[in-house]
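Engineer: dropping a prediction and its sequence here:
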Amino acid sequence: LHMVAHGTRGPDGQPEYVGALQDVTERRLSEEALAKVRAELAHVARVTTLGALTASIAHEVNQPLSGIITNAGTCLRMLDANPPNVDGARETARRTIRDGNRASDVITRLRALFSKKEFSLESVDLNEATREVITLSRSELQRNRVVLQSELADDLPNLTGDRVQLQQVILNLLRNASDAMVDVHDRPRQLLVKTEQMDGDRVRLTVRDAGIGVDPQVVDKLFDAFYTTKRDGMGIGLSVSRSIIERHHGRLWAERNDGPGATFAFLVPRDPENVTDAAPVMRHS
Ligand code: ADP
């Protein structure tokens with residue numbers, strides 16, 4: 001039930017209340033259904049994006065695995081030597097553990113990104129979340145000869161948000177930026193990822209590329225579902241990203257650069273729960 005009431009004073013100074021009581025069951029049910037569809041779509045978008053990164057991710061896991069095999073071989077040779085080189089063997093065993101942990105970290109991150117969770121709020125270190133996405137995308141970016149530069153603010157405070165969904169947005173922006181530079185051959189394919197703390201207890205993340213840029217006539221269309229200019233595109237990345245940022249009470253937008261390319265940025269309050277909407281006098285629902 002949703003109740004709205006307004007208190008005034010009658011002609012004789014007595015308090016008077018006017019109230020309305022509304023059955024909002026249907027509205028609640030459709031809101032729940034909408035949230036479920038949104039979550040499904042976000043999941044599809046994430047799996048599609050990650051699917052495209054498979055080769056890059058396989059490389060990210062394969063590297064530490066090769067390290068483990070090489071180090072284990074070296075370790076055996078050092079132990080078999082006469083006299084055995086125990087110190088050297090110990091050091092190579094340490095490296096083996098380090099590489100094992102590295103491979104396992106990549107898998108843990110991937111599992112989190114592939115998992116299907118309801119929207120959940122937690123304390124998020126946006127720099128750390130960004131670094132993880134960069135790690136997963138690194139070899140793909142290298143393969144596309146993208147020069148990645150990151151400027152992550154030292155003193156960035158944690159924010160309250162859904163970590164995996166925010167990472168999905170960052171992943172999308174990086175991938176789009178890289179795609180936009182595929183046909184650039186006459187200048188460096190520079191990509192800048194930046195985080196900063198803004199006024200009003202807000203945090204901003206900016207992704208700037210040197211790609212084909214955005215046409216001011218279609219800049220708003222980019223965020224529509226199923227709008228794509230790519231041969232194999234689905235056109236849901238930016239629309240899902242915008243809805244994720246709006247759920248954080250933030251804003252996601254695109255701008256043309258002064259030079260070539262485009263800049264996509266989002267701004268979110270550190271604590272979305274503390275964003276107040278204009279509320280009526282009394283509200284219980
Ligand atoms: P998709 O990547 O499947 O096309 P998106 O919703 O992520 O779906 O992007 C929609 C469209 O927005 C893209 O097809 C492209 O035309 C445009 N776009 C997105 N990012 C950029 C960018 N960094 N530079 C230029 N155009 C972009």
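Structural biologist: Sure thing, it's come through. Numbers count the residues shown, from 1 in each chain.

Engineer: so residue 131 makes contact with residue 138?
Structural biologist: No. The pair residue 131 / residue 138 is not scored as a contact, 10.3 Å apart, by C-beta atoms under 8 Å. Where you see a C-beta, it was placed from the backbone N, CA and C, and this is true even at glycine.

Engineer: pLDDT score assigned to residue 36?
Structural biologist: As predicted, residue 36 sits at a pLDDT of 83.

Engineer: let me see the contact set for the most centrally placed residue in the chain.
Structural biologist: In the chain, the centroid-proximal residue (C-alpha atoms, centre = their mean) is residue 167; its distance is 2.0 Å. For residue 167, the contacting residues are 113, 129, 132-133, by C-beta atoms under 8 Å, 6 or more residues apart in numbering.

Engineer: in TSV: the residues you listed, plus secondary structure.
Structural biologist: Shown next, in TSV, are those (DSSP: H, G, I helix; E, B strand; the rest coil):
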residue	secondary structure
113	helix
129	helix
132	helix
133	helix
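
Engineer: are any of those buried, and if so which?
Structural biologist: Among the contacts of residue 167, those buried by neighbour count (16 or more other C-beta atoms under 10 Å) are 113, 129, 132-133.

Engineer: residue 43: which of those residues is nearest?
Structural biologist: Residue 43 lies nearest to residue 113 out of the buried ones among the contacts of residue 167, by C-beta to C-beta, at 10.3 Å.

Engineer: the residue lying closest to residue 122 once chain neighbours are set aside: neighbour count?
Structural biologist: Distance criterion C-beta to C-beta, 6 or more residues apart in numbering; nearest residue to residue 122, sequence neighbours excluded, is residue 163 at 6.0 Å. When neighbours are defined as other C-beta atoms under 10 Å, residue 163 has 21 of them.

Engineer: where does residue 163 sit relative to the ligand, distance-wise?
Structural biologist: 20 Å (C-beta to the nearest ligand atom, to the nearest Å).

Engineer: so residue 220 versus residue 238, what's the distance?
Structural biologist: Distance from residue 220 to residue 238, counting by C-beta to C-beta, to the nearest Å: 11 Å.

Engineer: neighbour-wise, which of those two wins?
Structural biologist: residue 238 (23 against 11).

Engineer: next, format the contacts of residue 167 as CSV and append pLDDT and distance to the ligand.
Structural biologist: Below are the contacts of residue 167 laid out as CSV (pLDDT from 0 to 100; distance: C-beta to the nearest ligand atom, whole Å):
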residue, pLDDT, distance to the ligand
113, 79, 17
129, 94, 19
132, 90, 20
133, 91, 15
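
Engineer: ok, residue 228 touching residue 238?
Structural biologist: No. Counting by C-beta under 8 Å, residue 238 is not a contact partner of residue 228; they are 9.4 Å apart.

Engineer: sorry, back to before: in three-state terms, label the residue nearest to the centre of the chain for me.
Structural biologist: Three-state assignment for residue 167 (three-state DSSP): helix.
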